[in-house]
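*Asks:* let me see the structure of the following:
(2 chains)
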Amino acid sequence: MDVGLIFKIAGIGILVSVLNIVLKQAGKEEQGQMLTLVGVVIVLMMVIQLINQLFHNIRSVFGF
Amino acid sequence: MEIIRIVGIGLIAATLIVIMRQQKPEMAIYLSLAAGIIIFTLVLSRISDMIDIFQDLASKANVNMLYLGIVLKILGITYITEFGVQICKDAGESAVASKIEFAGKVFILVLAIPLLGAIFDYVVKLIP
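*Replies:* Model prediction:
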């Protein structure tokens, strides 16, 4: 398992929140919402692969 | 030492989650999920070694492998259910968490029913 994934997710989160603040200051609330949605979807894709791996591991270890 | 690595991952993840929670709570949940999965996977290889030893012992002691398989399956269900419940509770959805817990209990009961049948068979053999 790579710990880099935690840093990746945290980096995406910080980037999205900073860009969100900038967009909010520029008065573009809708684009900020879209940005948040895109960030969540990207992170979700990464986490879903991780969950799949976990379920596969548990299935092989505990003999389901 | 593996434990130092795990504690380090946990502390780093906790720090990042606390930073994230103020700005984007949904990202904080993904972070805690990822950290939990990484730590669990690190521990899982050790559990796998332990299970191999248990299977070896059971085959030496002539225990029916079917029963050990049931015990292992129940152990796996418990671990994965607890994982899901904790994540859901962290996300503030205790209703979903209690449903997952209920489902885990039901599936454990379903797996344990063959053992109950075996016990009844023994009792019936003993009675006459």
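*Asks:* CA only for contacts and neighbour counts going forward, please
*Replies:* Will do.
*Asks:* give me the residue at the spatial middle of chain A.
*Replies:* To find the centre residue of chain A, average its C-alpha atoms and take the closest one (CA atoms, centre = their mean): that gives A:Val43, at 1.8 Å.
*Asks:* so what's that residue closest to, chain neighbours aside?
*Replies:* Counting by CA to CA, 6 or more residues apart in numbering or on different chains, A:Ile9 is the residue found nearest to A:Val43 once chain neighbours are left out, at 6.3 Å.
*Asks:* count of neighbours near the one you found?
*Replies:* For A:Ile9, the tally of surrounding residues (other CA atoms under 10 Å in any protein chain shown) stands at 24.
*Asks:* also A:Ile48?
*Replies:* 13.
*Asks:* any idea how far A:Ile14 is from it?
*Replies:* If you measure A:Ile48 against A:Ile14 using CA to CA, to the nearest Å, the figure is 20 Å.
*Asks:* the residue nearest to A:Val43 contacts A:Ile42, doesn't it?
*Replies:* No. Judged on CA atoms under 8 Å, A:Ile9 makes no contact with A:Ile42 at a distance of 9.1 Å.
*Asks:* quick test: name the residue nearest the centre of chain B.
*Replies:* For chain B, the residue nearest the mean C-alpha position is B:Tyr79 (0.6 Å; CA atoms, centre = their mean).
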